[in-house]
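In: Pasting a predicted model and its sequence here:
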Amino acid sequence: MIINSSKTDPNKILPITYPWAREYYKSGVANNWTPEEISMQKDVEQWKSATFLSDTERRLILWNLGFFSTAESLTANNIVLAVYNHVTNPEARQYLLRQAFEEAIHTDCFIYCCDTLGLDPDDIYNMYLTIPSIRAKDEFVVGITKTVFDPNFTTNGEENIRRFVRDLVGYYVIMEGVFFYAGFAMMLALRRQNRMIGIGEQFEYIMRDESLHLAFGCDLIKTICAENPGIWSKSFQDEVVDLVKRAVELEQAYAYDACPEGVLGINPEKFSQYVEHIADRRLERLGIAKVYNRENPFPWMSQSTDLAKEKNFFETRVTEYQTGASLSWD
């Protein structure tokens, strides 16, 4: 049992019960990176230029740094203080520790960006309080993931297991699987236009990490449900759909706020369509039927998670060289 196992010694990782959890750990290690390996010299030049970036582009960059800087801390707290306590399987815990490390790298990424560009950290890190659409997303996730922070909560009994899975949906499927992706699309769209390419590369690496986090979270949810089939009722599946639909609405509102006029031919309507597309994929990953049936307006986003890049060996960072073709994405 991946939770509530009285037969599992969490200190003994062998023998492996869930090979998929071990594979996620190995894939995470293969994708190892740090922000300081990525040059931001061009970013500094572009940011200091009075004419290179439009006001809309600057707003988009600042808002995404503001949202992700606190969202990454929120996800790290969920892992270390809550999820880890209730997952008793050792190889799953090993991956959770790896994920916590990656969240620390992501947090460091935004410190690196603020320091390099000379941004006011108070402005960036307080956007979850000052920007209504960012605050709405954070409050929604906090509201649906608070069960596991109750010091008296246990995963004993079907109702409590269902509450735990609901929190996992809020954390993995909604926060990491929906709320991050309009921001990813915005920053990678800028990068495709040779704007803020250092930040764009960091966001690309973050997205690759988050794709693993999301896949692990969905497999964790599906394993818990398979081992406790009574919790995965039709009414609970309907509740999950309602949560995802509300998340889509909040992410679309954020897309219109962060990029109201569009940039370089990419507009908030396309970002909204993309959010609906990826929401359907999240539901399908859980075995639930699609809701929106939207085509992907940004096919290049899928290419950004492909690590098998062809680059000149002598111009390629070590992390890119050693991670080539190590992951496969559905």
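Out: Nice, thanks for sending it over. Numbering: from 1, shown residues only.

In: And for stretch 90-108, what's in contact with it?
Out: 2, 8-13, 16-18, 21-22, 24-25, 28-29, 33-35, 68-69, 72-73, 75-76, 79-80, 83-84, 87, 206, 209, 213, 216, 220 (Cβ atoms under 8 Å, 6 or more residues apart in numbering). C-beta: built from backbone N, CA, C; applies to glycine.

In: do the same with stretch 244-263
Out: 54, 56-57, 59-60, 63-64, 67, 131-134, 136-137, 140, 173-174, 178-179, 181-183, 186, 189-190, 266-268, 271-272, 275-276, 279, 282-283, 291-292.

In: Show me these that map onto helices.
Out: 56-57, 59-60, 63-64, 67, 132-134, 136-137, 140, 181-183, 186, 189-190, 268, 271-272, 275-276, 279, 282-283 (DSSP state H).

In: If any of these are buried, give me the ChimeraX selection for them.
Out: Per 16 or more other Cβ atoms under 10 Å, the buried members of those correspond to this ChimeraX selection:
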select :57,59,60,63,64,67,133,134,136,137,140,181,182,183,186,189,190,268,271,272,275,276,279,282,283
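
In: Show the buried residues in the contacts of stretch 90-108.
Out: 2, 8, 13, 17-18, 21-22, 24-25, 28, 33, 35, 68-69, 72-73, 75-76, 79-80, 83-84, 87, 206, 209, 213, 216, 220.

In: Now do the SS call for residue 194.
Out: Secondary structure assignment for residue 194 (DSSP: H, G, I helix; E, B strand; the rest coil): coil.

In: Give me the phi and psi for it.
Out: phi 60, psi 30 (degrees, to the nearest 10).

In: what about residue 299, distance to residue 270?
Out: Residue 299 is 12 Å from residue 270, where distance means Cβ to Cβ, to the nearest Å.

In: distance of the residue nearest to residue 62 when sequence neighbours are not counted from residue 110?
Out: Using Cβ to Cβ, 6 or more residues apart in numbering and skipping residues adjacent in sequence, the residue nearest residue 62 is residue 124, 7.0 Å away. Plainly put, residue 124 is 7 Å away from residue 110 if you go by Cβ to Cβ.

In: Need the overlap of contacts for the two.
Out: Residues touching both residue 124 and residue 110 by Cβ under 8 Å, 6+ apart: 65, 69.

In: Now do residue 329, the pLDDT please.
Out: For residue 329, the pLDDT comes out at 41.

In: who's in contact with residue 85?
Out: Neighbouring residues of residue 85 by Cβ under 8 Å, 6+ apart: residue 148.

In: In which helix or strand does it reside?
Out: helix 84-86 (DSSP states H and E).

In: What average pLDDT does that helix get?
Out: Here the average pLDDT along helix 84-86 is 93.

In: Determine the next helix or strand in the C-terminal direction from that helix.
Out: helix 90-117.
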